[in-house]
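1. make a model of this:
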Amino acid sequence: MIWQPEFTDKTLSRKPGAVQYFPHQKPVCAERLDADLPMVQLSHRLLQESMNNPALSETESEAALQAMVCLLRPVLHQRESVQPRRERQFQKVVTLIDDNIREEILRPEWIAGETGMSVRSLYRMFADKGLVVAQYIRNRRLDFCADAIRHAADDEKLAGIGFHWGFSDQSHFSTVFKQRFGMTPGEYRRKFR
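-> Below is the predicted model:
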């Protein structure tokens, strides 16, 4: 379904299995809508009925299109109001992660419990941004480690820095650090001396 906020100057084209809108000199704005929403289902049925009814005139086809736009408008406006709330919720989670980055308990299950959401919702929130929760946590820890290594005293142990930021296994710390930065913690330290 393609929708534009201003729904003037559109034509509904009836083709077998397809509907196209031809906005006149205006860009098209496409939105993916959840097929489980009642208004989306109702709009889909109206669309199917319109497509399968060759007796509809151009005026009647336009009226069907206008009806679909009216049915979908609340869904689209609701999505717009939900986005800022989701973004605030994501920022709350990111802040919680940063505030507890050193803690061993920092796991998706704990984060979900602390923020009052399900683990699945937490995973989905990160997936919507192209992220994975555990990788995000690990990368944040590694970023803090890299910063600490750059500013550490020459005699400060690298294993201690890793441990301080949540890496209890020195070998694992060295491996994931190299994966992220392309060099071991020791090489990284030498580079910034």
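2. pull the longest helix from this structure.
-> helix 58-99 (DSSP state H).
3. which strands or helices does the helix or strand that it is followed by pack on?
-> For helix 58-99, the following helix or strand on the C-terminal side (DSSP states H and E) is helix 108-115. Here helix 108-115 touches helix 58-99, helix 119-127, helix 133-151, going by 3 or more C-beta pairs under 8 Å, 6 or more residues apart in numbering; DSSP states H and E. Yep, even glycine has a C-beta here, placed from its N, CA and C like the rest.
4. could the ones you listed be laid out in JSON lines, adding distance to Met39, mean pLDDT and mean neighbour count?
-> Formatted as JSON lines, the helices and strands packed on helix 108-115 follow (distance: least, C-beta to C-beta, whole Å; pLDDT from 0 to 100; neighbours: other C-beta atoms under 10 Å):
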{"stretch": "helix 58-99", "distance to Met39": "5", "mean pLDDT": "83", "mean neighbour count": "14"}
{"stretch": "helix 119-127", "distance to Met39": "22", "mean pLDDT": "96", "mean neighbour count": "15"}
{"stretch": "helix 133-151", "distance to Met39": "32", "mean pLDDT": "96", "mean neighbour count": "17"}
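5. which residues sit in contact with Phe181?
-> Contact analysis of Phe181 by C-beta atoms under 8 Å, 6 or more residues apart in numbering lists 142, 146, 188.
6. export these to JSON lines and tack on distance to Lys178?
-> Shown next, in JSON lines, are those (distance: C-beta to C-beta, whole Å):
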{"residue": "Leu142", "distance to Lys178": "10"}
{"residue": "Ala146", "distance to Lys178": "12"}
{"residue": "Tyr188", "distance to Lys178": "9"}
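7. just give me the closest of those to Leu131.
-> Proximity of these to Leu131 (C-beta to C-beta) peaks at Leu142, which lies at 14.6 Å.
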